[in-house]
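Novice: Sharing a model prediction with you, sequence too.
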Amino acid sequence: MGKKERISVKICVGTACFVQGGADLLLYNEFLDPVVLGGCDIEGVSCLGGCKDPNAKDRPPYVQIDGVIHGDMTQEKLCKLLSEAVHA
Amino acid sequence: MLELNNQYTVMKRQVHAEVLKAFFAGTLEQEVDALPIKIIPKARISNRCCIYKERAMVRYRIMALMGINIETEDDELRSLSSYVREVMEEDKPVAPILTTISTACSSCPPDRYLISEACRGCFARPCLANCPKDCITFTNGQAHIDESRCIRCGKCKEVCPFHAVVHIPVPCEEACPVNAVRKNEEGYVEIDYQKCISCGRCAMSCPFGAIVERSGVMPVVKMLKAGQHVTALIAPAIEGQFPGTLAQIKQALLATGFSSVMEVSQGAETTSLHEAHELSERKAEGKGYMTTSCCPAYMELVDKHLPFLAERRSSALSPMGYAALEAKKAHPETKTVFIGPCLAKRVEAVRLKTIDGVLTFSELASLFIAKGVDVREMEMADLGVTDSFEDCREFALSGGVASCVLSRYAKADEVVVLPVNGIDKKMFRTMKIWDKRQPEANLIEVMCCDGGCINGPGVVVKPSVALKLRGGNKAAAPVKAMRAIVGARE
């Protein structure tokens, strides 16, 4: 198996995301599988703008994974998305 | 207690943000009756029986946000806009802090023990042997509890090797330390305000959101909008509640329209000094133990349930009380708004008369969203000289108050400290015994919420997140920088 690119994960910590559950995502060290954690570069970032899109179908909190923005993020959803991305 | 991150919290914050947005846009009166429909659109998959009930709940939550007592205002035909007009004209009385939404209440059946399918009908049958009321019978190889004889002692649950016995509580009744929450004859929740100590545990525990606080946000936003000089008194627990440093939170408050910001930790220093002095006096006179007096729910508990503790309480004002005096001294015309995690502080505010408004962190978060203020994008405001009271930021944590008092006490090693970390039913029973048997301590630090104020009913994030973001501003820095610091340390 060749060396894979690390996955870039940006957790939005704008006020709206942080308040609506995004804060819990910052505990990623506790809820992510260490293998998944090792394959990702996770950081908290300023507002990704998801909450300001009037046509958005999903709601805060938002997380950007390799450039794609995902809404309605929860710890479980993030676990699933990241382990899929890492093991792909 | 309900996990903080849940759909009800999300809904509540959304309602609050929408109402405040409309308020600052000056369109609240016109828009308010349409808000329930905007928040619960047709396409939404309902968590309750239907979207119409959910909309009705949103209507009640808007009423609670406006400080209206839902128990007495039950005219369902009355429009929200007429309430808005009323609230704009004059502020609603503060007490009681909590109110119930009887239609939201699920009328949970009385608490009971149930033996689940996990029962293997084992040979030893410890449940049968240990039940004091002989109410366990075996049919088809599984144990059953005879409801009419069960006294809910929980022995069977303790002894079952398969964990097959479940306790199904009534969350609000279980959470209330003083048995002030009960079901009325129709089975709906009712609060006995003669007993209630405004700790907010019931509101935090109801999964149906049937117990709500009557918010104090409207009087505050009215002050802000009118351009009055408003001083934000920020509780020590605020650090860690928002994605930024304390200095950024201060700047965010200024950007939201507060004229000045004062840390309540500053008042906590005066409280600590006063309590340290009082403690030494009491010790010298052999007067026995002293309790802290900064937790307002504890103050209510003593006034309503444990009168013998009244003389044991420190005579110090709470940090909020001292901070308000400071603020009024600095700007005599200022309006003081306490911003904290606490509901009972509003009861204290009414008593003190130096506090003009109280917000919870959760309400402040909605205010930030409504005003488009992003804490993380803020510059660092100047916090001023904080050296003398920096340690008092620990007032927000269990153990923090006592340690601040002791560090201002000459012979700290002679003092025995007993921390009361959260008042639940059991702790309340223990405290009752103190009347007969004095606790072996000199200083008793009482916090009604488990873990301290950072676990109060008005917080934004759960304590584990708050603790990560608190302290020395390192962790509150952007996560990337935080990792660089951790990496450097390793």
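Specialist: Ah, there it is. Numbers count the residues shown, from 1 in each chain, chains lettered A, B, ... in the order given.

Novice: buried residues in stretch A:43-56?
Specialist: A:Glu43, A:Gly44, A:Val45, A:Cys47, A:Leu48, A:Gly50, A:Cys51 (16 or more other CB atoms under 10 Å in any protein chain shown). Every residue, glycine included, has its C-beta placed from N, CA and C.

Novice: same deal with stretch B:273-290?
Specialist: Buried residues in stretch B:273-290 (16+ other CB under 10 Å): B:Leu273, B:His274, B:Glu275, B:Ala276, B:Glu278, B:Leu279, B:Ser280, B:Arg282, B:Lys283, B:Tyr289, B:Met290.

Novice: I'd guess B:Asp33 is in a helix, am I close?
Specialist: Yes. B:Asp33 forms part of a helix when assessed by DSSP: H, G, I helix; E, B strand; the rest coil.

Novice: Just give the number of residues close to it.
Specialist: 16 (other CB atoms under 10 Å in any protein chain shown).

Novice: my guess is it meets B:Arg78, correct?
Specialist: No. Checked against CB atoms under 8 Å, the pair B:Asp33 and B:Arg78 is beyond contact range at 10.4 Å.

Novice: For chain B, which residues are neighbours of chain A?
Specialist: By CB under 8 Å from any CB of the partner chain, the residues of chain B that approach chain A are B:5, B:10, B:13-14, B:17, B:242-243, B:362, B:365-366, B:368-369, B:373-377, B:460-462, B:464-465, B:468-469, B:478-480, B:483.

Novice: which residues of the stretch 51-200 of chain B fall in strands?
Specialist: Along the stretch 51-200 of chain B, the segments classed as strands by DSSP state E, counting those that start in this stretch run B:98-100, B:112-115, B:136-139, B:142-145, B:165-168, B:181-183, B:189-191.

Novice: Let me know the average pLDDT across the first one.
Specialist: In this model, strand B:98-100 has a mean pLDDT of 94.

Novice: Could you check stretch B:94-108 and say which residues are buried?
Specialist: For stretch B:94-108, by 16+ other CB under 10 Å, it's B:Val94, B:Pro96, B:Ile97, B:Leu98, B:Thr99, B:Thr100, B:Ile101, B:Ser102, B:Thr103, B:Ala104, B:Cys105, B:Cys108.

Novice: so what's the fifth one bridging to?
Specialist: It refers to B:Thr99. B:Val212 (DSSP bridges).

Novice: Out of the strands of the stretch 51-200 of chain B, which is the most enclosed?
Specialist: The highest mean neighbour count among the strands of the stretch 51-200 of chain B, using mean count of other CB atoms under 10 Å in any protein chain shown, belongs to strand B:98-100: a mean of 23.

Novice: for the chain, which spans come out with low pLDDT?
Specialist: Chain wasn't specified; assuming chain A. Across chain A, the ranges flagged by pLDDT under 70 are A:1-3.

Novice: was after chain B, sorry
Specialist: B:472-490.

Novice: Could you list the residues of chain A in contact with chain B?
Specialist: Near chain B, when you scan chain A using CB under 8 Å from any CB, you find A:11, A:13-16, A:18-21, A:23-24, A:26-27, A:30, A:42-47.

Novice: try 7 Å this time
Specialist: Proximity of chain A to chain B, by CB under 7 Å from any CB of the partner chain, involves residues A:13-16, A:18-21, A:23-24, A:26-27, A:43-44, A:46-47.
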